[in-house]
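Undergrad: Build me a model from this:
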Amino acid sequence: MANPVKIFDTTLRDGTQGEGISLSVEDKMKIARKLDSLGVHYIEGGWPGSNNKDIEFFNRVKELDLKNAKVTAFGSTRRKDTLPENDLNLNRILEVGVPVATIFGKSWDFHVHQAIQTTLEENLAMIYDSVKYLKSKGLEVIYDAEHFFDGYKNNSEYALQTIKKAEEAGVDWIVLCDTNGGSLPHEITEIVTVVTQTVSCPVGIHAHNDCELGVANSLAAVMAGATQVQGTINGFGERCGNANLVSIIPNLQLKMNYQCISSEQLASLSTVARYVSEIANMHLPINQAYVGSAAFAHKGGIHVSAILRNSSTYEHIAPELVGNKQRVLVSELAGQSNLVFKAQELGLDFDTNNQQTKQLIEQIKDMEHQGFQFEGADATLELLIRNAYGKIEEAFALESFKIMVVKTANQPVVTEAIVKLKINGETVYNAAEGNGPLNALDNALRKCLLQYYPVLQNVHLSDYKVRVLDEKDTTAAKVRVLIESTDFSNSWSTVGVSDNVIEASWDALIDSIRYALIGKIAIAHSEDLKERVGIVNH
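TA: Below you'll find the model as predicted:
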């Protein structure tokens, strides 16, 4: 491997500036554990000088027995015309007791004059004094040179003076920030090359994604000599986001021969990306590189026929290297090879010439004609195949369900569901309220099942979509419901189609629970559970 590259994660600070993202202290603690298990070297927890929530996090994070990461607090250089020992922001960093301080300062003369309204000389003194003060207190200090690339393009001499001042003060790292995200890779390469020839301390890169070049710019910086990369999980961040570490890490390690984390830690990348997405309540794009559910999904029959022979024909890496998996989608565009692959994946002897297989193919085609779509509902497709080959017995059967929706004047709507099931020959029923019919059904269903299958407490719905299939029928139109479920480590999708949105939702919900119980996912791997839900192995 080439020289190691240090990974600096700022999901808990810069990532939370993204629209729609708000993390509680408990959320930040959970994510910090996951980041440490991934092997990142620095976790930036927040800005203690800006809010009490971040101070609480820094106090509580000391409870965690972190194995790999150093926790760092963020802040700015001292205020103009203020001694560093009197600066509230710098002292807050010291008070929270972190081993590493990350402070930012101005590199762009335009910002010095317009944003902080001081002289170029005073800005240099602010940088020097702040670094010197924190170093005198025994901290490792990372200096984030804000707007460095814009500053360099406007006044290269002054931009270089600012980072030299940080170096003179004994800084440990100088990180060049493309704060507005407007630089191009060739500019990053040229400027980082100059910087690494100008200063002797290690250099890092902090890129934003406003031109969708955050990852490319980070890789370009490393090739030019940067040895620290700052970014966020899934590219969370303000405006268009930060550089996405979930893409940067495997690109550096698998494509460019740099060492970031261990191969075992890299194999947890997909799990970490999905976990952080769930905690942040942000949907993980299915086409996200490396970790998305569609990253190694194949639909075209010719493609599938080829990967049956050798997966390298249409996959740039083995998906297991990043903890993902190969998927084959079945749709009206797919060939017979797709079903063959899917059956082989399940360990089934799939003979395309026997009557059972032909009936299954016809059933799938007929269901697609009705409006089912299996390319986005792998779990429902797997259940169909298993049922066709007698590889699954029902863990429970519906006897009936009833939904009551009550609306009275000046009062919120109340929804209650009553579900009656047959489980192991016994009739079980329960009632539950919910935020709408599907939530009420889900709550009542779980009440019935949890006493028999306690692993279901780890499963929850993460997405719910309704698609009207024929708009001209207006309120009587047939609908397709797609449900995504997760246990934080894995996710799977199921589909239901009906003229009645409640029935379509119920069908998708039931398939989600059935799939969770067949032992396909991590929560149900024990042989004991497989026996209870009727998996048959031949």
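
Undergrad: where exactly do the strands run in the stretch 251-400 of the chain?
TA: 297-298, 327-328, 397-406 (DSSP state E, counting those that start in this stretch).

Undergrad: would you put the C-alpha positions of the longest one in CSV?
TA: As requested, C-alpha coordinates have been extracted for strand 397-406 and formatted as CSV (Å, rounded to 0.1, in the frame of the first residue of the first chain):
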residue,chain,number,x,y,z
ALA,A,397,-52.2,-16.7,8.6
LEU,A,398,-54.7,-13.8,8.6
GLU,A,399,-58.2,-14.5,9.8
SER,A,400,-59.4,-10.9,9.6
PHE,A,401,-58.5,-7.3,10.3
LYS,A,402,-60.7,-4.3,10.9
ILE,A,403,-59.8,-0.6,10.8
MET,A,404,-61.8,2.2,12.5
VAL,A,405,-61.1,5.9,11.7
VAL,A,406,-62.9,8.4,13.9
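
Undergrad: what's that strand in contact with?
TA: 413-422, 427, 429, 437, 440-441, 444, 502, 506, 510 (Cβ atoms under 8 Å, 6 or more residues apart in numbering). Heads up, the C-betas are built off the backbone N, CA and C, glycines and all.

Undergrad: from those residues, which ones fall inside strands?
TA: Residues of the contacts of strand 397-406 located in strands (DSSP state E): 414-422, 427, 429.

Undergrad: quick one: which of the residues you listed is nearest to R467?
TA: Among the ones in strands among the contacts of strand 397-406, T415 lies closest to R467 (Cβ to Cβ), at 22.3 Å.

Undergrad: Spit out the contact partners of the closest residue in space to that closest one that isn't next to it in sequence.
TA: Leaving out its chain neighbours, the residue that sits closest to T415 by Cβ to Cβ, 6 or more residues apart in numbering is A440, at 4.7 Å. A440 makes contact with 403, 415-417, 432-434, according to Cβ under 8 Å, 6+ apart.

Undergrad: Between the residues you listed, which sits nearest A207?
TA: Taking the contacts of A440 together and measuring to A207 by Cβ to Cβ, the closest member is G434, at 43.4 Å.

Undergrad: pLDDT (mean, whole number) over stretch 67-76?
TA: The average pLDDT for stretch 67-76 rounds to 97.

Undergrad: that older thread, ok, the residue nearest to T415 to L421 distance?
TA: The gap separating A440 from L421 is 15 Å, by Cβ to Cβ, to the nearest Å.

Undergrad: repeat for L517
TA: On the measure of Cβ to Cβ, L517 and L421 end up 13 Å apart.

Undergrad: same question, F372
TA: According to Cβ to Cβ, F372 stands 24 Å off from L421.

Undergrad: repeat for A169
TA: 69 Å.

Undergrad: and if you look at H147?
TA: From H147 to L421 the distance is 61 Å (Cβ to Cβ).

Undergrad: Likewise for A388?
TA: From A388 to L421 the distance is 24 Å (Cβ to Cβ).

Undergrad: And for I31?
TA: 37 Å.

Undergrad: Tell me, how many residues neighbour K135?
TA: K135: 16 surrounding residues under other Cβ atoms under 10 Å.

Undergrad: Equivalent analysis for L94, please.
TA: Using other Cβ under 10 Å, L94 has 18 other residues around it.

Undergrad: what does Q451 give?
TA: If we define neighbours as other Cβ under 10 Å, then Q451 has 10 of them.

Undergrad: what about it, helix or strand, and which?
TA: Taking DSSP states H and E as the definition, Q451 sits outside all helices and strands.

Undergrad: Need the nearest residue in space to it, chain neighbours excluded.
TA: With sequence-adjacent residues excluded and distances taken as Cβ to Cβ, 6+ apart, Q451 is closest to V428, at 8.0 Å.

Undergrad: my read: that neighbour touches L445, true?
TA: No: with contacts counted by Cβ atoms under 8 Å, V428 stays clear of L445, the gap being 10.4 Å.

Undergrad: Low-confidence regions, the stretch 51-200 of the chain specifically.
TA: Of all residues in the stretch 51-200 of the chain, none has pLDDT under 70.

Undergrad: quick one: the helices in it?
TA: Assigned by DSSP state H, counting those that start in this stretch, the stretch 51-200 of the chain shows helices spanning 52-60, 88-95, 109-114, 120-136, 148-154, 156-168, 185-198.

Undergrad: Run the chain-centre distance for the fourth one.
TA: Distance, stretch centre to chain centre, for helix 120-136: 37 Å (Cα atoms, centre = their mean, to the nearest Å).

Undergrad: Which residues does that helix contact?
TA: Taking Cβ under 8 Å, 6+ apart as the rule, helix 120-136 contacts 77-81, 83-85, 87, 90, 93-94, 101, 103, 105-106, 109, 112, 116, 118, 141, 143, 158, 161-162, 165-166, 168-171.

Undergrad: now the third one
TA: Here helix 109-114 makes contact (Cβ under 8 Å, 6+ apart) with 106, 118-120, 123, 146-147, 150-151, 154-155, 158.

Undergrad: Now F372: closest residue in space, sequence neighbours ignored.
TA: Once flanking residues are discounted, F372 sits nearest to V497: 5.2 Å by Cβ to Cβ, 6+ apart.

Undergrad: Of L517 and L421, which one has the most company?
TA: L517 (27 against 21).

Undergrad: In terms of mean pLDDT, which of the strands of the stretch 251-400 of the chain ranks lowest?
TA: strand 327-328 (a mean of 70).

Undergrad: Let me know the closest of the contacts of helix 109-114 to M282.
TA: Distance to M282, by Cβ to Cβ, is smallest for E146 among the contacts of helix 109-114, at 25.9 Å.

Undergrad: Count residues in the vicinity of the closest one, would you?
TA: Neighbours of E146 (other Cβ under 10 Å): 24.

Undergrad: So it versus I364, what's the distance?
TA: Using Cβ to Cβ, we find E146 at a distance of 56 Å from I364.

Undergrad: likewise K255?
TA: Taking Cβ to Cβ, one finds K255 at 38 Å from I364.

Undergrad: next one: H206
TA: 49 Å.

Undergrad: Which one of those two is surrounded by more residues?
TA: Set H206 next to I364 and count neighbours by other Cβ under 10 Å: H206 wins out with 30 against 21.
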